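J.: generate coordinates for the sequence data below:
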Amino acid sequence: MRRLFVIVLICLQLQSCETQSVRPRSGAGTDGISRAAELARAGDYRQAAEQYRELARLYPDRSTDFQMRAAESWYLAGDLESAATAAATISTATKDASIPTRLRILEARIDVGRQDAETALRRLGTLRLENIPADFLDDYFETRAAAFENMRNPASASRERVALDRYLQTPSARETNNRKIWDDLKQLNNDGLQRLRASSTDILRGWVELALIEQSLLLNPNALTTAIRLWNQQYANHPAAPLSARLLDDTRNLTFAPSRIALLLPFDGQYGQAAQAIRDGFLAAWYTAKDYRPFLRIYSANALNITESYKQAVTEGAEYIVGPLEREAVGRLLATPDLPVKVLALNHFGAGEPNISTTADPTGIPKIVQFGLLPEDEAREVARQAALDGHHNALIISQNEDYDRRIHAAFQQEWTALGGRILARAFFDETTSDFSTPVRELLNVGSNERRATALQRRLNRPLRTETRLRDDADMIFLVARPEAARQIVPQLRFYRADRFTVYASSRVHSGTFNPQLDRDLDNIKFPDSPWVLTRNRIPSEMQQSINRNWLAQQSPYNRFYAFGIDAFGLIPHLGRLARNTNMYYRGESGDLFLDGAGVISRKLTWAKFKDGMAASAGPKESQ
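T.: Numbering: from 1, shown residues only. All right, here's what the predicted structure looks like:
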């Protein structure tokens, strides 16, 4: 009996020593879940994530679900790193069958946010569509569309967005998606649209045919009206129906079609040959235009007589003026108050007038639109592409001239805004034959050799040394003409710097066909006008004609022919571009945007040298 009493007493003592698990009151738990959901509905995703993380700690049996919700909330808050960290803690060994799929979709969304679209698509490719919960199909298709857009594959992106439409729950979400479908299709040329139409479902085919109508008939209001009426009959209740009505309104209200145009260019002096190429391109575009061919008069105008030339053109009936070309001449027009006739200047001087629509001018086109082949556009394009390729630390080699300083300033501004660093900059003089010294300076070769020499002196004996390159950089930005680049790049290879990706401005490409001379430039990546990148595309009839008549393909002024073509082609689209700064005109010089200050900027085509020939490169090829 006594023994039994002792055993009972010990058991009671042990029981009193057990760790007591503290469970939240059921009411408090419900309040916490409701609070997290309310925060998410209100768009306060950061606080919602914190709340879900706390709920995961309080409820171990539901921790996986709450961790998943926390990670998704971090993503929606725009905090990719916190979302990735939270996602990494989630176990897929759970009774909730949706968790592995949700996690895979979230990881893919994070990949897209990190500009790694290919990894995102690989992740999503492991999912079977029939196994994805219905509530997450919108995220699945949205992520695939965003990945293809990131990879500059608008045809595939438009397919995904058409599939996404059926899973969207609100009119505003559908409207946003429709706008993105249209933006994707507008990036395709006629050939691309035709190929997409041939392999499309009915809904996508309707979108594609409307894009073809807009592209081919935009400047012909009567034909456009007829074509859209027939489209509406064929595609009744199509998601793009509201857009078709808007196209008609835009054509009536935003088409800018002056009937008399004056072209002002400096045919004498240092800009004479460039002016002739611009004129010839302008005339070629005017001659081949089907829906818009205004009366045209050409004037010889330079920085000294621009005021008189402008007045003469206005007096003789010009309703729109294209030119001048010289920067100083553009500056003089910008300084002239109350210009009676608007101007498309073919250079850039400074910020123009704000792009404000007025009652008198519903198009909102600025008094002076500045359009030039600016090196700053190229520098910003290089910075964006290098960041997209995953680079962070740049070296720059260039001359120390005004052009190079402009390139450097624009690159530095864009590069640092994207989180990149410029570690060093070296200058070369193309009038000398010494390209080794600046390359050695850029790569820190000289400092390594000096250290080795000093060590040998200190030890008083020869040492076997190996040249070591700096290891803190991952890319080189080369700003050089072809003649200099053909000597600099072999120097980089000599010092085994070919592990660095080399980017360049379009200056590296002469714009002409020189495969034997340019073989040393293989693998260099650079942005350029589509006009000069014809290796892997068939030139248009107009380009073939210009090459035949003026030997443009072998001319150092080749890009100026394209510039002249775009100067004419832009005119009827200026109202549309002024209305929407995200809209662009697909020109021979690149995709052209008009900003709020009246400045045309260019988005260029990426190219890469291979076997001594420059060819346009898609996202995968440019890697």
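J.: in the stretch 401-550 of the chain, which spans are strands?
T.: Under the criterion DSSP state E, counting those that start in this stretch, the stretch 401-550 of the chain contains strands at 421-427, 475-478, 501-504, 525-528.
J.: can I get those strands in JSON lines with mean neighbour count, distance to Asn549 and mean pLDDT?
T.: C-beta here means a position set from N, CA and C on the backbone, and glycine is covered the same way. Converted to JSON lines, the strands of the stretch 401-550 of the chain look like this (neighbours: other C-beta atoms under 10 Å; distance: least, C-beta to C-beta, whole Å; pLDDT from 0 to 100):
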{"stretch": "strand 421-427", "mean neighbour count": "16", "distance to Asn549": "41", "mean pLDDT": "95"}
{"stretch": "strand 475-478", "mean neighbour count": "24", "distance to Asn549": "34", "mean pLDDT": "97"}
{"stretch": "strand 501-504", "mean neighbour count": "25", "distance to Asn549": "31", "mean pLDDT": "96"}
{"stretch": "strand 525-528", "mean neighbour count": "25", "distance to Asn549": "23", "mean pLDDT": "95"}
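J.: quick one: closest of those to Leu164.
T.: strand 525-528 (31.2 Å; C-beta to C-beta).
J.: what residues does stretch 157-172 touch?
T.: 134, 137-138, 141-142, 144-146, 148-149, 174, 177-178, 180-181, 184-185, 196, 200-201, 203-204, 207, 239 (C-beta atoms under 8 Å, 6 or more residues apart in numbering).
J.: which among the residues you listed end up buried?
T.: Buried members of the contacts of stretch 157-172, scored by 16 or more other C-beta atoms under 10 Å, are 137-138, 141-142, 144-146, 148-149, 177-178, 180-181, 184-185, 196, 200, 203-204, 207, 239.
J.: picking up where we left off before, among the strands of the stretch 401-550 of the chain, which comes closest to Ile105?
T.: strand 501-504 (31.4 Å).
J.: leaving out sequence neighbours, find the closest residue to Pro490.
T.: Asp520 (5.5 Å; C-beta to C-beta, 6 or more residues apart in numbering).
J.: contacting residues around that neighbour?
T.: Asp520 touches 485-486, 489-490, counting by C-beta under 8 Å, 6+ apart.
J.: out of those residues, who's nearest Leu58?
T.: Distances from Leu58 to the contacts of Asp520, taken by C-beta to C-beta, are shortest for Val489, at 61.3 Å.
J.: in TSV: the strands of the stretch 401-550 of the chain, plus distance to Gly78.
T.: Converted to TSV, the strands of the stretch 401-550 of the chain look like this (distance: least, C-beta to C-beta, whole Å):
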stretch	distance to Gly78
strand 421-427	23
strand 475-478	27
strand 501-504	29
strand 525-528	29
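J.: nearest to Ala56, of those?
T.: Nearest of the strands of the stretch 401-550 of the chain (C-beta to C-beta): strand 421-427, 37.6 Å.
J.: parallel or antiparallel, list what pairs with the closest one.
T.: Taking DSSP bridges as the criterion, strand 421-427 pairs within the sheet with strand 393-398 (parallel).
J.: okay, the partner strand in CSV with CA atoms only?
T.: In CSV, the C-alpha atoms belonging to strand 393-398 read as follows (Å, rounded to 0.1, in the frame of the first residue of the first chain):
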residue,chain,number,x,y,z
ASN,A,393,29.7,46.1,-61.9
ALA,A,394,30.8,47.9,-65.1
LEU,A,395,34.1,49.0,-66.6
ILE,A,396,34.0,51.7,-69.4
ILE,A,397,36.6,52.4,-72.1
SER,A,398,36.1,55.3,-74.4
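J.: confirm for me that Phe330 is in contact with Leu344.
T.: Let me fix one detail, which is that residue 330 is Val and not Phe. No - the pair Val330 and Leu344 fails to qualify as a contact (C-beta atoms under 8 Å) at a distance of 10.6 Å.
J.: about what we covered before: nearest to Ser545, of the strands of the stretch 401-550 of the chain?
T.: Closest among these, once you apply C-beta to C-beta, is strand 525-528, at 21.5 Å.
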